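Asker: Kindly generate the corresponding structure for this input.
(chains A and B)
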Amino acid sequence: DTEVTQTPKHLVMGMTNKKSLKCEQHMGHRAMYWYKQKAKKPPELMFVYSYEKLSINESVPSRFSPECPNSSLLNLHLHALQPEDSALYLCASRWGRNMNTEAFFGQGTRLTVV
Amino acid sequence: GENVEQHPSTLSVQEGDSAVIKCTYSDSASNYFPWYKQELGKRPQLIIDIRSNVGEKKDQRIAVTLNKTAKHFSLHITETQPEDSAVYFCAAPTGNQFYFGTGTSLTVIP
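Answerer: Numbering: from 1, shown residues only, chains lettered A, B, ... in the order given. As a prediction, this is how the structure comes out:
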């Protein structure tokens, strides 16, 4: 199984809503990533978890709250988002020990904030 | 923050011609260099990667070259086909950090 699975595929939410994005992998990877991608731009790193601990937070606003409940799951909790947060949110995973390895990406969640 | 510069940002070639995309990195600790292809509306997917113990790697029409002294690596696509049209990203990850270059939008004209 070389899949990273993200749910939902599409999400429309109001600025006062609370929602969560989910990411799952069963490859035994111990590093998991959240990226935000706007149209015609590269994926922009948001958070990295390594062995279920938050390793990197790229100064992301607190309205985005990551969570890594176990080695297979990664969540991104959303609250009080702004329209400019509309984007494709990508999850990725890699091996935790040997970092000279590729990142596997999920298909993404297309988020629209209205 | 980002540690990779990528050029050009857009590239148009005639079908059958070659395409070359170049990335320059700054961290001398980098020793793994992947290239990703992202088609419209899809996820980035690895197409080729190279580690610092080799200078070149080839996979059919795709090759990557690495110059560690100059800190740059390049993607070469030969005999381009319309299905090669996509956005290509390089990366030079170190540790847990995995930042992408700015991307190259390649258009192959039939």
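
Asker: quick one: the strands in chain B?
Answerer: Using DSSP state E, the strands assigned to chain B run over residues B:4-7, B:10-14, B:19-25, B:32-38, B:45-51, B:56-59, B:62-67, B:72-77, B:86-90, B:104-109.

Asker: any chance of those in a markdown table, with mean neighbour count too?
Answerer: Placement of C-beta: from N, CA and C, glycine included. Below are those laid out as a markdown table (neighbours: other C-beta atoms under 10 Å in any protein chain shown):
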| stretch | mean neighbour count |
| --- | --- |
| strand B:4-7 | 19 |
| strand B:10-14 | 13 |
| strand B:19-25 | 21 |
| strand B:32-38 | 23 |
| strand B:45-51 | 17 |
| strand B:56-59 | 12 |
| strand B:62-67 | 18 |
| strand B:72-77 | 22 |
| strand B:86-90 | 23 |
| strand B:104-109 | 17 |
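
Asker: Including mean pLDDT and distance to chain A, could those strands go into CSV?
Answerer: Compiled in CSV, the strands of chain B are given as follows (pLDDT from 0 to 100; distance: least, C-beta to the nearest C-beta, whole Å):
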stretch, mean pLDDT, distance to chain A
strand B:4-7, 96, 8
strand B:10-14, 98, 10
strand B:19-25, 97, 12
strand B:32-38, 97, 4
strand B:45-51, 96, 5
strand B:56-59, 96, 13
strand B:62-67, 97, 13
strand B:72-77, 97, 14
strand B:86-90, 98, 6
strand B:104-109, 98, 8
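
Asker: could the ones you listed be laid out in TSV, adding distance to residue A:59?
Answerer: Shown next, in TSV, are the strands of chain B (distance: least, C-beta to C-beta, whole Å):
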stretch	distance to residue A:59
strand B:4-7	19
strand B:10-14	30
strand B:19-25	22
strand B:32-38	24
strand B:45-51	28
strand B:56-59	35
strand B:62-67	31
strand B:72-77	28
strand B:86-90	22
strand B:104-109	27
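
Asker: quick one, which of those strands is nearest to residue A:46?
Answerer: strand B:86-90 (16.4 Å; C-beta to C-beta).

Asker: Show me what the closest one is packed up against.
Answerer: Using 3 or more C-beta pairs under 8 Å, 6 or more residues apart in numbering or on different chains; DSSP states H and E, the elements in contact with strand B:86-90 are strand B:4-7, strand B:19-25, strand B:32-38, strand B:72-77, strand B:104-109.

Asker: distance between the third one and the chain's centre?
Answerer: This means strand B:32-38. Centroid separation between strand B:32-38 and its chain, computed with C-alpha atoms, centre = their mean, to the nearest Å, is 5 Å.

Asker: That one vs strand B:86-90, what angle?
Answerer: With axes from the mean of the first three to the mean of the last three C-alpha atoms, to 10 degrees as the basis, strand B:32-38 and strand B:86-90 are set at 160 degrees to each other.

Asker: Where does pLDDT dip in chain A?
Answerer: A:1, A:97-98 (pLDDT under 70).

Asker: Pull up the per-residue confidence for the nearest residue to residue B:4 once chain neighbours are set aside.
Answerer: Spatially, and ignoring its direct neighbours in sequence, residue B:4 is nearest to residue B:101 (4.2 Å; C-beta to C-beta, 6 or more residues apart in numbering or on different chains). Residue B:101 is assigned 96 on the pLDDT scale.

Asker: Tell me, how many residues neighbour residue B:101?
Answerer: Neighbourhood size, residue B:101 [other C-beta atoms under 10 Å in any protein chain shown]: 25.

Asker: Pretty sure it sits against residue B:8.
Answerer: No: using C-beta atoms under 8 Å, residue B:101 is not in contact with residue B:8, being 11.4 Å away.
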